Structures are given as structure tokens and as C-alpha cells.
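Engineer: coordinates only, no sequence provided:
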């Protein structure tokens, strides 16, 4: 009898526990709940944390996040207005603001992510395609600061942008929120995470960058060759100037020496007869030395000045 009562009591306790579990549910600070009965929502959404009661078995508590949620898009190939194909990778943050409407339209977060893919990817593609690449890359107009790199042009300037990246992101966010206004969610922030050329265009860009570097290198090379030619020309000119000046100076010295020697010879010639004879003899000997060698044969007249010295030498 006692065993039977114990079994019945245990069964009743289990039933009561199950009944309590089915009746009560807890809402945390980070959660919000929509109660459904046979799959259809009943009443308003519960957003205040605490212990709540619902009808057991026929009603179900559907929990949704109250915190910010993340959307991370897949990189998509998008053509810009200036016909440049790029990969666009974006991300966003969103929040469930109306759990009841969210449940009616999207059911759960998976459905919301799928709907956000359609909205945000479509808006991103539209706005990127309606603007040039520079509009999606840059946010403000500015004067570039020289980096000091070799080959950098001093007068390089950036073309002015009208829209800019920040404004494009803001327009995508506003347009996406308009389309998601009846979904029970709000998109809090949207950002373009990464922009990159497609592979074919990337190769072309790299080749163009390489050709530009080669052009700059060739420019510096030709300037260096021109400077080297200028230096070599100046060197040759200075060398010729120095040689010419040295030759002029040598000729001046040689002329002065010859004049001095002539004066000495003239002074000696104008002195005594013996000195005159000595001078004539010395000059004749110098003439012999410069004119004749061991193989020279000459015919002289007996009246020649050189002949009389030859007779004296004999």
C-alpha cells in the first residue's frame, strides 16, 4: 500500500514539475519573447526580463536576441560607373526592434540573414554601380602629401570626388532601412570592408604600375646620362683650357728665353774681334750639329762661310 502511494506521489510530482516547466518561462536581459499558440503569435511581445507564465503544452515561447547582431556579406563582383570590375566585401550590424513583426515576417534569425543578404547586397551593387571607383574608395577631397618616394611627381593631384565612400555607405544604410522597415528590424551600421580589383583587372593594374616605374627609372637614367655628358664636356673643356694656358705660358717662357739668348749673342758679337770670331764659330758648329750626321754628303763652295771653318778644322 505504501509502495503504491509512493509511486502515485512520484508520478504526481513529476506531472506537477512538467506542468510548472511548461507553464513558466524566464526572459533574460538579452532576450525578448513572442508567445505562439499552435504556431500563431498570441498577444504582444515580451521584452521585460523576469519570470512569466503561459498556457502549458499549447503555447510556446520563441526567444529572440535583444543585442546587436552581425551581418557579414559575401564578396561580390560589381562593375563601377567607369567600367571597372571590383570585388566588394561589406558588413553591417542590425537589431530586432519589433519581435512580433519580426516573427511574422522572418520567423527567425536565419530568415533575417537571408533577407538582409537580398537587401544589402542589392543596395550595395546599385550604389557602387552608380558611382566611379574613386567615389567608393575615397571619402574627402585633399591635397596629397609628398611621401619622398623616388619618381614621385611634385605636381601630382587627386581628382575631386562628389559623393565619397562615407556618403555611399550612408545612402546604402538609409535605403536598406527603408526596405527593411516592415521586418521588425533596424540596420544600425553599414560599412564597405574591402574593395579589390578582379584578377584580370588586378594584373593590368600591376602591369601599368610596373611600366610607370620603368618609365620613371628610364627618365632618371636619361637624366643621369645627360648630367654625365655635361660633366664630361666640362671636364674636356677645362682640360683644353688648362693645356692651352700651359702651352701659352710655355711659349711665353720660350720666347723670353730666346730673346734673352739672342741678346746675349748680340752682345757678344758686338764686343772684340776675337769674341765675334768665337760667336761665329759657335753658331757655325751648332749649324753643323743640326744639319749634318755621319751619313751626310755635301758640296761646298770655297767661298762658303762653313767651308772656311772646315779648312780651319783640318
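Structural biologist: Looks like it arrived, so ask away. Just so you know, these numbers come straight off a predicted model, no measurement behind them.

Engineer: shouldn't residue 282 be within a strand?
Structural biologist: No. Going by DSSP: H, G, I helix; E, B strand; the rest coil, the assignment for residue 282 is helix, not a strand.

Engineer: can you count the residues close to it?
Structural biologist: 12 (other C-beta atoms under 10 Å). Every residue, glycine included, has its C-beta placed from N, CA and C.

Engineer: against residue 262, how distant is it?
Structural biologist: Distance, residue 282 to residue 262, by C-beta to C-beta, to the nearest Å: 14 Å.

Engineer: packing partners of the helix or strand where residue 246 lies?
Structural biologist: Using DSSP states H and E, residue 246 sits in helix 199-269. In terms of contacts (3 or more C-beta pairs under 8 Å, 6 or more residues apart in numbering; DSSP states H and E), helix 199-269 is packed against strand 85-96, helix 273-291.

Engineer: could you tell me the least trusted of those?
Structural biologist: Sorting those by mean pLDDT places helix 273-291 lowest, at a mean of 68.

Engineer: just how off-centre is stretch 241-256 within its chain?
Structural biologist: 61 Å (C-alpha atoms, centre = their mean, to the nearest Å).

Engineer: ok, stretch 70-82 next?
Structural biologist: For stretch 70-82, the distance from its own C-alpha centre to the chain's C-alpha centre is 23 Å (C-alpha atoms, centre = their mean).

Engineer: next, the buried residues of it.
Structural biologist: In terms of neighbour count (16 or more other C-beta atoms under 10 Å), stretch 70-82 has its buried residues at 71, 73, 78, 80.

Engineer: give the contact list for the closest residue to the first one other than its chain neighbours.
Structural biologist: When the adjacent residues along the chain are set aside, residue 71 lies closest to residue 92, with 4.4 Å between them (C-beta to C-beta, 6 or more residues apart in numbering). For residue 92, the contacting residues are 70, 71, 73, 116, 120, 173, 176, 187, 188, 189, 190, 191, taking C-beta atoms under 8 Å, 6 or more residues apart in numbering as the criterion.

Engineer: in the stretch 1-150 of the chain, which ranges drop under the pLDDT threshold?
Structural biologist: Low-confidence segments of the stretch 1-150 of the chain, defined by pLDDT under 70: 1-2, 5-6, 8-9, 11-20, 144-150.

Engineer: now do the strands in it.
Structural biologist: Under the criterion DSSP state E, counting those that start in this stretch, strands of the stretch 1-150 of the chain are mapped to 24-27, 31-37, 40-41, 50-53, 59-65, 69-72, 76-79, 85-96.

Engineer: can you add distance to residue 124 and give these back as CSV?
Structural biologist: Written out in CSV, the entries for the strands of the stretch 1-150 of the chain read as follows (distance: least, C-beta to C-beta, whole Å):
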stretch, distance to residue 124
strand 24-27, 36
strand 31-37, 29
strand 40-41, 33
strand 50-53, 40
strand 59-65, 24
strand 69-72, 12
strand 76-79, 7
strand 85-96, 6
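
Engineer: so which of those comes closest to residue 195?
Structural biologist: Comparing these against residue 195 with C-beta to C-beta, the closest turns out to be strand 85-96 (5.5 Å).

Engineer: which parts of the closest one are buried?
Structural biologist: Across strand 85-96, burial judged by 16+ other C-beta under 10 Å covers 86, 87, 88, 89, 90, 92, 94, 96.

Engineer: nearest to residue 133, of these?
Structural biologist: residue 86 (6.7 Å).

Engineer: mind listing what that closest one touches?
Structural biologist: The contact partners of residue 86, by C-beta under 8 Å, 6+ apart, come to 77, 78, 79, 80, 128, 133, 136, 195, 196, 197, 198, 201.

Engineer: hmm, try it at 10 Å
Structural biologist: The contact partners of residue 86, by C-beta atoms under 10 Å, 6 or more residues apart in numbering, come to 75-80, 128, 133, 136-137, 194-198, 201-202.
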